[in-house]
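Asks: after the sequence you'll find the predicted model.
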Amino acid sequence: TTTTTTTTTPRPDLMVVCFGANDAALEGKNAAHVPVAAYRENLGEIVRRLRGFVRPGGRLMFMTPGKVEEARTAVWRNEVTKMYVDACAGLAEKGVEVLNLYEEMEGEEDYARLLLDDGVHFNGVGQEWLPPGGGRG
């Protein structure tokens with residue numbers, strides 16, 4: 001007698017994708033820089049691939065890059081980062097939930113307290129601050 005067991009990997013109710021801060025580095029200042037047009041194309045491909053991993057009725061959410069503290073870095077600028085934020089926010093037109101961290105941080109009186117010394121990535125306080133479930137309120 002042969003017994004066949006099929007194992008399936010549980011599919012998440014919520015999948016959150018957060019990237020783009022390194023991509024938004026100034027060209028020539030950081031090897032992680034990705035031109036915004038390529039970033040936009042990459043976002044579309046990631047959405048296409050991940051949609052099948054979320055359970056039916058589940059949520060796929062992208063978090064935009066956040067604001068940077070320009071006084072702490074010569075590699076990132078908010079003006080450039082905002083182009084990447086806009087590219088990511090454009091996913092909402094394709095039915096993807098988007099948490100706009102840049103806008104959320106604009107609502108903070110002292111958003112720099114949320115960032116590591118590099119002025120870009122969240123520190124422990126920033127990780128605790130991350131808006132649960134998609135926004136303030």
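Replies: The structure has been received and is ready for your questions.

Asks: any idea which helix or strand comes after the longest helix along the chain?
Replies: In the chain, with assignment by DSSP state H, the single longest helix is helix 36-50. Sequence-wise, the next helix or strand downstream of helix 36-50 (DSSP states H and E) is strand 59-63.

Asks: so residue 91 sits against residue 47, correct?
Replies: Yes. The pair residue 91 / residue 47 is scored as a contact, 6.4 Å apart, by C-beta atoms under 8 Å. Bear in mind the C-beta positions are built from the backbone N, C-alpha and C, glycine included.

Asks: in the chain, which residue is closest to the centre?
Replies: Centroid-nearest residue in the chain, with C-alpha atoms, centre = their mean: residue 18, separated by 2.5 Å.

Asks: return the set of residues that bridge with that residue.
Replies: As for beta bridges, residue 18 partners with residue 63 under DSSP bridges.

Asks: which intervals of the chain have sub-threshold pLDDT?
Replies: 1-7, 132-137 (pLDDT under 70).

Asks: go again using 80 as the cut-off
Replies: Counting by pLDDT under 80, the chain has low-confidence residues at 1-8, 131-137.

Asks: so which residues of it form strands?
Replies: 14-18, 59-63, 97-99 (DSSP state E).

Asks: please name every helix or strand in contact with the first one.
Replies: Spelled out, that is strand 14-18. Applying 3 or more C-beta pairs under 8 Å, 6 or more residues apart in numbering; DSSP states H and E, one finds that strand 14-18 contacts helix 36-50, strand 59-63.

Asks: show me what counts as buried in it.
Replies: 15, 17-18 (16 or more other C-beta atoms under 10 Å).

Asks: turn the helices and strands packed on strand 14-18 into CSV, including mean neighbour count and distance to residue 100.
Replies: Output for these, formatted as CSV (neighbours: other C-beta atoms under 10 Å; distance: least, C-beta to C-beta, whole Å):
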stretch, mean neighbour count, distance to residue 100
helix 36-50, 14, 14
strand 59-63, 19, 8
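
Asks: turn the ones you listed into CSV, including distance to residue 73.
Replies: Output for these, formatted as CSV (distance: least, C-beta to C-beta, whole Å):
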stretch, distance to residue 73
helix 36-50, 18
strand 59-63, 20
